[in-house]
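>>> Everything below, folded, please.
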Amino acid sequence: MLTSLHPDLFVHVLKLSEQAQLPVFVPHFLDASLLAKWTQMPLELCQRTSAQVASAAHRIHPIDGWAGLPFGQYLSDEERLAWASHVLKNNFSAPGVYALVGHPANDTPELRAIAPDWPTRVADRRLFASEALRELILQEGFKCIGMKEIAALGPSVSIRTVSEVYC
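Purely as a prediction, here's the structure:
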């Protein structure tokens, strides 16, 4: 939900990344007005976060592209996979690090009680756990990697030259 980009929280994200020796993985939000658009935070707060991002550039690995799975639509396994396929083929074309964002959750009575959008979350869980998504990612020439692999690239290597998708 991008809440970690609030400047009062982001300072702690930076500290944790240093302690864990892992890069901070954030969208390209050096532009405060773009950050304000996506997070709906006031511009003043976004300017503070942008300044924090700029000052920690050696630990920041921006996401080159990302897409959020839609809420309330494409809920069958086939529809969700087709939507993900469209995103991979049309939105993640240049080399870089990409993220497909979802809100996966198990179908439980508790989830149904607290989340009116529970069908979307359960559909996300099924998609992310599916072998079909893994096959699609490989078929499209991407590779699932984690934060340790991104950190291993080192601060002097541009991750934009690596054609992989973060899963």
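>>> Who are the contact partners of the closest residue to residue 17 other than its chain neighbours?
Nearest residue to residue 17, sequence neighbours excluded (Cβ to Cβ, 6 or more residues apart in numbering): residue 24, at 4.7 Å. (C-beta placed from N, C-alpha, C; glycine too.) Residue 24 makes contacts with 13-14, 17, 56, 59-61, as judged by Cβ atoms under 8 Å, 6 or more residues apart in numbering.
>>> pretty sure residue 14 contacts residue 53?
No - using Cβ atoms under 8 Å, residue 14 is not in contact with residue 53, being 9.1 Å away.
>>> and the closest residue to residue 104 other than its chain neighbours, what is it in contact with?
Of all residues not flanking residue 104 in the chain, residue 125 sits nearest, at 3.8 Å (Cβ to Cβ, 6+ apart). The contact partners of residue 125, taken as Cβ under 8 Å, 6+ apart, are 104-107.
>>> Narrow the residues you listed to those that are buried.
Buried by 16 or more other Cβ atoms under 10 Å: residue 105, out of the contacts of residue 125.
>>> Phi first, then psi, for residue 100.
Backbone geometry at residue 100, expressed as degrees, to the nearest 10, gives phi -100, psi 110.
>>> Now for it, how many residues are close by?
By the criterion of other Cβ atoms under 10 Å, residue 100 has 24 neighbours.
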